[in-house]
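Participant: Got a predicted model here, sequence first, then my questions.
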Number of protein chains: 2
Amino acid sequence: MVEDRKLNVLRAIVEDYVATQEPVGSKALVDRHQLGVSPATVRNDMAALEEEGFITQPHTSAGRIPTDKGYRLFVDRLSTVKPLSAAEKRAITTLLEGAVDLDDVVQRSVRLLAQLTRQVAVVQYPTLSRSTVRHVEVVPLGGSRLLLVLILSTGRVEQRVVELPEPLSDEAVAEIRTKVNRATLGERLADAADKLVQLPDEFEQDSRAPIAALVASLVEAMSDHRSDERVLVGGTANLARFGDGFDTSIRPMLEALEEHVVLLRLLGEATSPSTLTVRIGHEGPYEELAATSVVATGYGPGDEALASLGIVGPTRMDYPGSMAAVRAVARYVSRILDEG
Amino acid sequence: MVEDRKLNVLRAIVEDYVATQEPVGSKALVDRHQLGVSPATVRNDMAALEEEGFITQPHTSAGRIPTDKGYRLFVDRLSTVKPLSAAEKRAITTLLEGAVDLDDVVQRSVRLLAQLTRQVAVVQYPTLSRSTVRHVEVVPLGGSRLLLVLILSTGRVEQRVVELPEPLSDEAVAEIRTKVNRATLGERLADAADKLVQLPDEFEQDSRAPIAALVASLVEAMSDHRSDERVLVGGTANLARFGDGFDTSIRPMLEALEEHVVLLRLLGEATSPSTLTVRIGHEGPYEELAATSVVATGYGPGDEALASLGIVGPTRMDYPGSMAAVRAVARYVSRILDEG
DNA sequence: CTTGGCACTCGAATCCAGTGAGTGCCAGGG
DNA sequence: CCCTGGCACTCACTGGATTCGAGTGCCAAG
């Protein structure tokens, strides 16, 4: 019973602090929430909560603010899912349904997430490594140059221009095209690359040089994990809203947002769309980002997570709202990928 | 003679203020520059400069800071080109030469510009509208779906998936491919679109429906100026360095950087790579960005400007350095586009 | 035209009380 | 055992007064 109230107090503190960004005291707490007890009682509870490490006071005789541990308890046990408003749901569907291609989906998702949560949004492009080959196109560009276009099951398109040691006839190109497609269609990228390297054997000895060059370029495109690391960031203007711990917190955040590798580590392993990952403050791998939290989840067709998306913001964020938005967007995007 | 010294004083003020970010007084000025006159003389000159509107004092009995008009005079008449260091030149060539495709070139350019100038860098993707068609590829995806790949002279690749009203045989696809290419090869986008709309007439009456759908999608891809508006932004972390006029200036900047349309207006019309555009403070079209300047130029193969690139920073920036960096990067990128 | 001298201005820094939100603790009552 | 009102205490914050000093403007002399 009394334990319950303590948790209620913690919840109230988190909610008020997130709303006001100011340390919250016992008096204000009983005023704004129906706790049914006096400030003195709340004070006792607060003392206990502080003892247990859930809240802290910035200085003696100031209100309390939640610690990372406090936020953790809050998201794990105290926060109820905040359903999105009808308007928000509508915004999601209408915005995402207007998307024309994969790039567009990703761009719109970032925008959407940033708007919904008023935080910085991060969306990773679908990973190459788990997708399969849908088609390979070989286009002569004149001279001895070829354009290779690699179309993947996720809708991603990679292209490369390759310079051959000698020109190829149109017939030779056509032959290569069919053989390459026969070898790789429907294969996962890693497997497709394996099959490709054996492909030159199927050709005459003296025509192998150009084939080998072409295959090498294609294999490189397949194994090039550059695009794995591609992420899109949006809503950075929201950073300026933390009028508070400014320079200490905004600088490393901006730096992190530039470093895609860092961002990907922040988003973490792509989990299934039904699982949300919340990383609070110091729980993350970066010391400089101790004041920021990450709410992320995976997305992809079916329940297979191809990539992650999420938001990054100060530890003092609206967790229920952010979590609801991230989850909703991930689901809608997954559904779109399902259909496309 | 005395007029010359006044200009020297202005130059010194700009340089010192840019370096220290603090109002500069007469004493400090004679200490740090070999002006060969006493502080009192400098004071007289300063009074004159203020009278003419080139400098101002934030409050009585403080040092002077340049006005927008002062910066303008500085960049127009006082700044000598600051040659890049050997290391910087090396950085440019090595970084840009490693690029594998157009996207990569753009990405690397942004990074480079941000590093060189320690400002926010903006690079516009090469415009579609002025480029010509190099190749159109039509790929059956099974069922009645086709993938259209549009390859442009700039190296840009656009793709669309189109759903036809009825399936097409492989032979029909091949025929379409040749006809489409014959009609559009080498044409500018606008002209190519014009030719395409007449294409269905060349086919049998009863096979026109799928052709029309295909053509419509291609024309849309060609006239879709979405990609005209694509820009890449980098180096936002540098914003945090303006430890000074923070909240008044960083917020609108972040917002502007999110709005690509705004950014494009800031970059302005793409000029030839040999011409630099410098927009100082209030000279720009946006009231909120009165404290920011833009250094931009066009780039593209030959001397034809396909798109713009540049940097955005506080009016108190190192103009000679920024201008040198922007110009150098634009030239190198143009050269790469020439070769590619 | 330049220069040294000098009075003057005004923001920034320092100091110092006063204020008040908030706490911890305690004794009394359900 | 838990809640509550009371009370002394702490300490950031505010605002006014004061000082300090960088920097200016002006003037008379060279």
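Facilitator: Thanks, I have it.

Participant: For the longest helix along chain A, the averaged confidence score.
Facilitator: Counting by DSSP state H, the longest helix found in chain A is helix A:319-339. For helix A:319-339, the mean per-residue pLDDT is 92.

Participant: From the contact counts, what lies against it?
Facilitator: Secondary-structure packing of helix A:319-339 (3 or more C-beta pairs under 8 Å, 6 or more residues apart in numbering or on different chains; DSSP states H and E): helix A:86-97, helix A:102-117, strand A:276-280, strand A:292-299, strand A:307-314. C-beta coordinates here come from the backbone N, C-alpha and C atoms, glycine included.

Participant: Distance to B:Leu199, mean neighbour count and mean pLDDT added to the ones you listed, as TSV?
Facilitator: TSV is the format used below for the helices and strands packed on helix A:319-339 (distance: least, C-beta to C-beta, whole Å; neighbours: other C-beta atoms under 10 Å in any protein chain shown; pLDDT from 0 to 100):
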stretch	distance to B:Leu199	mean neighbour count	mean pLDDT
helix A:86-97	30	13	92
helix A:102-117	26	21	92
strand A:276-280	50	20	94
strand A:292-299	39	26	95
strand A:307-314	38	26	94
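
Participant: Which of the ones you listed sits closest to chain B?
Facilitator: Closest approach to chain B among the helices and strands packed on helix A:319-339 is made by helix A:102-117 (8.2 Å; C-beta to the nearest C-beta).

Participant: Quick check: neighbours of the helix or strand following that closest one in the sheet, parallel or antiparallel?
Facilitator: Per DSSP states H and E, the first helix or strand lying C-terminal to helix A:102-117 is strand A:120-124. Strand pairing for strand A:120-124, using DSSP bridges, gives strand A:231-234 (antiparallel), strand A:307-314 (antiparallel).

Participant: what comes into contact with strand A:120-124?
Facilitator: A:106, A:109-114, A:230-236, A:238-239, A:253, A:257, A:263-264, A:266-267, A:270, A:296, A:307-313 (C-beta atoms under 8 Å, 6 or more residues apart in numbering or on different chains).

Participant: And A:Val161, what's its pLDDT?
Facilitator: At A:Val161, pLDDT is 81.

Participant: about what we covered before: now render the strands paired with strand A:120-124 as TSV, adding distance to DNA strand D.
Facilitator: As requested, those are arranged in TSV below (distance: least, C-beta to the nearest atom of the strand, whole Å):
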stretch	distance to DNA strand D
strand A:231-234	33
strand A:307-314	18
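
Participant: Which stretch among the ones you listed approaches A:Gly155 most closely?
Facilitator: Of all those, it is strand A:307-314 that lies closest to A:Gly155, at 12.3 Å by C-beta to C-beta.

Participant: Can you show me the CA trace of the closest one as PDB?
Facilitator: These are the backbone C-alpha positions of strand A:307-314, laid out as PDB (Å, rounded to 0.1, in the frame of the first residue of the first chain):
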ATOM      1  CA  ALA A 307      16.700  -1.800 -39.800                       C
ATOM      2  CA  SER A 308      16.100   0.400 -36.800                       C
ATOM      3  CA  LEU A 309      14.300   3.700 -36.300                       C
ATOM      4  CA  GLY A 310      13.900   5.800 -33.200                       C
ATOM      5  CA  ILE A 311      14.300   9.100 -31.500                       C
ATOM      6  CA  VAL A 312      17.000  10.700 -29.500                       C
ATOM      7  CA  GLY A 313      16.400  13.200 -26.800                       C
ATOM      8  CA  PRO A 314      17.200  14.400 -23.400                       C
END
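
Participant: Can you give the distance of it from its chain's centre?
Facilitator: Relative to its chain's centre, strand A:307-314 lies at 5 Å (C-alpha atoms, centre = their mean, to the nearest Å).

Participant: With stretch A:68-81 instead?
Facilitator: Distance, centroid of stretch A:68-81 to centroid of chain: 21 Å (C-alpha atoms, centre = their mean).

Participant: now do the same end-to-end measure for that stretch.
Facilitator: 20 Å (C-alpha to C-alpha, to the nearest Å).

Participant: how about it against DNA strand C, any contact?
Facilitator: No. Figure legend: stretch A:68-81 not in contact with DNA strand C (C-beta under 7 Å from any atom of the strand); closest approach 13.9 Å.

Participant: Buried ones in that stretch, by neighbour count?
Facilitator: A:68-75, A:78-79 (16 or more other C-beta atoms under 10 Å in any protein chain shown).

Participant: Sketch out the strands for chain A, chain order is fine.
Facilitator: In chain A, the strands defined using DSSP state E lie at A:55-56, A:65-66, A:120-124, A:133-140, A:145-152, A:157-163, A:231-234, A:276-280, A:292-299, A:307-314.

Participant: Hmm, A:Val326 and A:Leu84 touching each other?
Facilitator: No. Counting by C-beta atoms under 8 Å, A:Leu84 sits too far from A:Val326 to count as a contact (11.0 Å).

Participant: how close does the residue nearest to A:Gln124 when sequence neighbours are not counted get to DNA strand C?
Facilitator: Take A:Gln124 and drop its neighbours on the chain: the residue closest to it by C-beta to C-beta, 6 or more residues apart in numbering or on different chains is A:Ala307, 4.0 Å away. In this structure, A:Ala307 and DNA strand C are 44 Å apart, going by C-beta to the nearest atom of the strand, to the nearest Å.

Participant: go on, A:Asn44?
Facilitator: 7 Å.

Participant: what about that residue, how many neighbours?
Facilitator: 16 (other C-beta atoms under 10 Å in any protein chain shown).

Participant: Who are the packing partners of the helix or strand bottoming out on mean pLDDT in chain A?
Facilitator: The helix or strand of chain A with the lowest confidence, counting by mean pLDDT, DSSP states H and E, is helix A:246-258 at a mean of 77. Contacts defined by 3+ C-beta pairs under 8 Å, 6+ apart place helix A:246-258 against strand A:120-124, helix A:260-267, strand A:307-314, helix B:246-258.

Participant: buried stuff in it?
Facilitator: A:246, A:249-258.

Participant: which one of these sits closest to A:Gly300?
Facilitator: Using C-beta to C-beta, the buried residues of helix A:246-258 come closest to A:Gly300 at A:Leu257, 23.3 Å.

Participant: Tell me which residues touch the closest one, please.
Facilitator: Neighbour list for A:Leu257: A:120, A:122, A:233, A:236, A:263, A:312, B:236-237 [criterion: C-beta under 8 Å, 6+ apart].

Participant: quick one: which of the residues you listed is nearest A:Pro58?
Facilitator: A:Val312 (23.7 Å).

Participant: How about the closest residue to DNA strand C within chain A: what's its closest non-neighbour residue?
Facilitator: Residue nearest to DNA strand C within chain A (C-beta to the nearest atom of the strand): A:Gly25, separated by 2.7 Å. Take A:Gly25 and drop its neighbours on the chain: the residue closest to it by C-beta to C-beta, 6+ apart is A:Gly63, 4.0 Å away.
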